[in-house]
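Undergrad: Predicted structure and sequence below. I'll ask about it afterward.
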Amino acid sequence: MARKPITMRYVKDILRLKHQNQLSVREIAGSCGRPASTVGDYLQRAEAAGLSWPLPEGLSEAELMERLMKPPAALPQESGPAKPLPDWPAIHEQMRRKGVTLQLLWREYRQAHPDGYQRSRFCQWYRCWAKTLEPVLRQVHEPGQKLFVDWAGLKVPVHHADGSVSQASLFVAVLGFSNKTYAEAFANEQLEHWIAGHCHAFAFYGGLTRALVPDNPKTAVVRPCRYEPVLQRTYQEMAAHYGTVILPARTKKPRDKAKVETGVQIAERQLLAPLRDQRFFSVAEINQALRPLLDELNAQGFQKLEGSRNSWFASQEKATLLPLPAAAFELATWSKATVNIDYHVSVDNHFYSVPHPLIHQELEARSTANTVELFHHGKRVAAHVRSYLPGKFTTLEEHRPKSHQRYLEWTPSRLVDWARKTGPLCGKVVEHILQSKPHPEQGFRSCLGIIRLGKGVGPERLEAACARALRFGTCSYRSIKSILEKGLDQQPPEPELPLNSPTHENVRGQDYYA
C-alpha cells in the first residue's frame, strides 16, 4: 500500500531543521515525530527539485507538493548551459564490479568532463536513473558470487495412464550478476530432486558460484535460525563436494532472495504460462517443452540495459565461476540405527554387520546408490556394498567375535576328519552324532566337546571310551565324559553272556530252519 504524504507543515519543518539548524536525519525524525526513512525521502525529493530553506516566496502548498511528488525523470533540469550527461547504463554496469564505487566513477567522469556535474549532483542523478530500472536488475551482485535457488509456486499437472493426475514442481536457479536462469521440472520437491536440481544447474552453467542462497525448505534447512541455521546434512555435503557454501535467506525476508523471487515470477510467466494448455504425460515431456522457452528467456534483451542474460554471463560472469569437480556428487541419505545383539544394523530393511563391541550403540548410516557406510561418533566403523534384498544379511568376518569365527569355520566333514585323527572309532562316534540330528549344526557342540576331551586324557583313552560307547549305543558327549571320569575305558570289555532259551513245546529249535 502506498505511503500517505505528510502535511506541508512537516515538510517545511524538515527543510528548516536541515538547512537552518544543520540537524541530522535522525535528529530531525526525533523532533518531528516521523520515521527517519520518511525524513530522508523528503530531503532527497527536495534536493532533486532544487528546494532548500527558506522556500521561494509565493510558493503555495499545492505547488510545493507538486514539485516534491514529481517522479525523478520529470524533475527540472538546472538552469544555465547543459552539462554532459554520464552514460548511466555503463555506470550501472561498472557499479556491479567488485571494489568499484560511485566516488571512483565520478572522478573518472570529471577527468573526461571537467565541466561536468559535481559529486553530489552526479550521485543524485544516478540514484534517480537507477530507480527507473526493472526490480530484477536493481540489486548489485558481484560476478560469480551467488546463485539463488527456489521452487516455483505454480505446479504442472502430469496425467498418468491409470487416469490419476500428479503435480510436477519447477526448480529455478538464478545467477546473481547476469540473471541467467535455469529451470527444470521434477516429480516432487523431495531431497533427491532438490539435490539433482542443483547438480543439473551447475552443469548447465559450466561452473558454480561461491555461495548458494536458498529459502528455508526442509530439504535445505532443518532448523531455521537467523544466526546459526541447521542445514540439511546431505545438502551440506553436496556444497562441500563442489567447494561452495550455503547462505540461507532469513525467514520472512523475501528481499534476501529477491533475485530468485523475481526469477520464479519470470519463469512462471514466460516458461509455464505458455504451456498452460498443453497436456503432459511425464516429467520428461515437460522438460522437453521447457528447454526452448528457457533458451529464449536467456537470449532475450534487457529492457533498460544493454545486452541479455546470455551476453552478460558469457562476457563477465562465466570466467569467475568455480570449476566443477572431476566427479559429480552422489546423493547420500543419512539415518540412525541401533546395533542389535547380533552386531547387525537395519538399513532399508537389510542387515549390515558392524564390529561386535558396538552392540547396543547408536550409529549413523550414510546410504548411497552403491554403498552403505556406518559411523560412530563421526568415525567410520564399517562400509558395505549396498544390497536391496529385504530381510537378508551382509556380514564381514572380521566383525564377528573370535569364538563365532572359530565356530563357523567348522563343517560336518571337517569334524569327522579331525575326529579320525584320534582314531577310527572316535570318527564313527562323531559321524553318528551328526547323522542323528535334524541339522548337522545341532551336533557341532557335542562333537567339539568330545574332541576336547582327548586333549585331557590322550587319544588312546578317548578311542577306548568311544569303542565302549559304540558297543552300548550311548554315543553322546555326556556318556563318553562319564566313561572317562569313571575309568570304564581302562577296564577290559565284558564278555557277551550266552542267552539260553527256555525249553518249551512252542519254541522252534535251529533244526526247524535247516
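TA: Sure, I can see it. Numbering: from 1, shown residues only.

Undergrad: residues making contact with the helix or strand encompassing residue 288?
TA: Secondary structure assigned from DSSP states H and E places residue 288 in helix 283-299. Taking Cβ atoms under 8 Å, 6 or more residues apart in numbering as the criterion, the residues outside helix 283-299 that touch it are 156, 158, 168, 180-187, 266-267, 270-271, 274-275, 278, 280, 308-310, 313. Bear in mind the C-beta positions are built from the backbone N, C-alpha and C, glycine included.

Undergrad: and with 6 Å instead?
TA: Applying Cβ atoms under 6 Å, 6 or more residues apart in numbering, the external contacts of helix 283-299 come out as 156, 168, 180, 183-185, 187, 270-271, 275, 280, 308-310.

Undergrad: Looking at these, which is nearest residue 114?
TA: Ranking these by separation from residue 114, with Cβ to Cβ as the measure, puts residue 308 on top at 35.6 Å.

Undergrad: now the nearest residue to that closest one once chain neighbours are set aside: how far from residue 344?
TA: Residue nearest to residue 308 in three dimensions, not counting chain neighbours: residue 301, with 4.9 Å by Cβ to Cβ, 6 or more residues apart in numbering. Residue 301 sits 62 Å away from residue 344 when distances are taken as Cβ to Cβ, to the nearest Å.

Undergrad: what about the stretch 151-300 of the chain, any weak spots by pLDDT?
TA: Flagging of the stretch 151-300 of the chain using pLDDT under 70 yields the residue ranges 226-228, 251-260.

Undergrad: any idea how far residue 217 is from residue 283?
TA: When distances are taken as Cβ to Cβ, residue 217 and residue 283 turn out to be 19 Å apart.

Undergrad: Next, the buried residues of stretch 272-281.
TA: Judged by neighbour count using 16 or more other Cβ atoms under 10 Å, the buried positions of stretch 272-281 are 272, 280.

Undergrad: now that stretch: how far from the chain's centre is it?
TA: 30 Å (Cα atoms, centre = their mean, to the nearest Å).

Undergrad: Which SSE is immediately downstream of the lowest-mean-pLDDT helix or strand in the chain?
TA: Of all helical and strand segments in the chain, the minimum by mean pLDDT, DSSP states H and E falls on helix 402-409, at a mean of 62. Toward the C-terminal end, the helix or strand that comes next after helix 402-409 (DSSP H and E) is helix 412-422.

Undergrad: Distance check, residue 49 against residue 56.
TA: 11 Å.

Undergrad: Between these two, point out the one with more neighbours.
TA: residue 49 (16 against 10; other Cβ atoms under 10 Å).

Undergrad: Which residue lies closest in space to the more buried one, excluding its sequence neighbours?
TA: Closest to residue 49 by Cβ to Cβ, 6+ apart is residue 67, at 4.5 Å.

Undergrad: The stretch 301-450 of the chain: helices as residue ranges?
TA: Counting by DSSP state H, counting those that start in this stretch, the stretch 301-450 of the chain forms helices over residues 309-312, 402-409, 412-422, 424-435, 444-457, given from the N-terminal end onward.

Undergrad: Select from those the stretch with the lowest mean pLDDT.
TA: Comparing mean pLDDT across the helices of the stretch 301-450 of the chain, the weakest is helix 402-409, with a mean of 62.

Undergrad: Just want to know which of residue 301 and residue 344 has more residues nearby.
TA: Ranked by neighbour count (other Cβ under 10 Å), residue 301 and residue 344 place residue 344 first, with 20 against 11.

Undergrad: OK, contacts around that one?
TA: Here residue 344 is in contact with 351, 353 (criterion: Cβ under 6 Å, 6+ apart).

Undergrad: likewise the one 3 residues further on?
TA: Under the criterion of Cβ under 6 Å, 6+ apart, the contact list for residue 347 reads 365, 367, 372.

Undergrad: Give the buried residues for stretch 356-375.
TA: Buried residues in stretch 356-375, counting neighbours by 16+ other Cβ under 10 Å, are found at 356, 358, 363, 364, 365, 366, 367, 372, 373, 374.

Undergrad: Find the residue closest to the last one in space, skipping its chain neighbours.
TA: The one in question is residue 374. Across the structure, with Cβ to Cβ, 6+ apart as the measure, the residue nearest residue 374 apart from its sequence neighbours is residue 382 (4.3 Å).

Undergrad: now the strands for the stretch 1-150 of the chain?
TA: Here the stretch 1-150 of the chain has its strands, by DSSP state E, counting those that start in this stretch, at 146-151.

Undergrad: Export the buried residues of stretch 356-375 to TSV and append columns for pLDDT and distance to residue 287.
TA: Formatted as TSV, the entries for these read as follows, by pLDDT from 0 to 100; distance: Cβ to Cβ, whole Å:
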residue	pLDDT	distance to residue 287
356	84	49
358	88	45
363	90	39
364	88	35
365	88	33
366	86	30
367	83	27
372	88	31
373	89	33
374	90	37
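
Undergrad: quick check, nearest of those residues to residue 350?
TA: Using Cβ to Cβ, residue 372 comes nearest to residue 350 of these, at 8.2 Å.

Undergrad: From residue 324, how far out is the one residue sitting closest to the centre of the chain?
TA: In the chain, the C-alpha closest to the average C-alpha coordinate belongs to residue 235, at a distance of 2.3 Å (Cα atoms, centre = their mean). Going from residue 235 to residue 324 by Cβ to Cβ gives 18 Å.

Undergrad: looking at the helices of the stretch 301-450 of the chain, which is closest to residue 7?
TA: Taking Cβ to Cβ as the criterion, helix 309-312 is the member of those that comes nearest to residue 7, at 45.3 Å.

Undergrad: thinking again about what came up before, export the contacts of residue 347 as CSV, with columns for distance to residue 18.
TA: Converted to CSV, these look like this (distance: Cβ to Cβ, whole Å):
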residue, distance to residue 18
365, 66
367, 65
372, 69
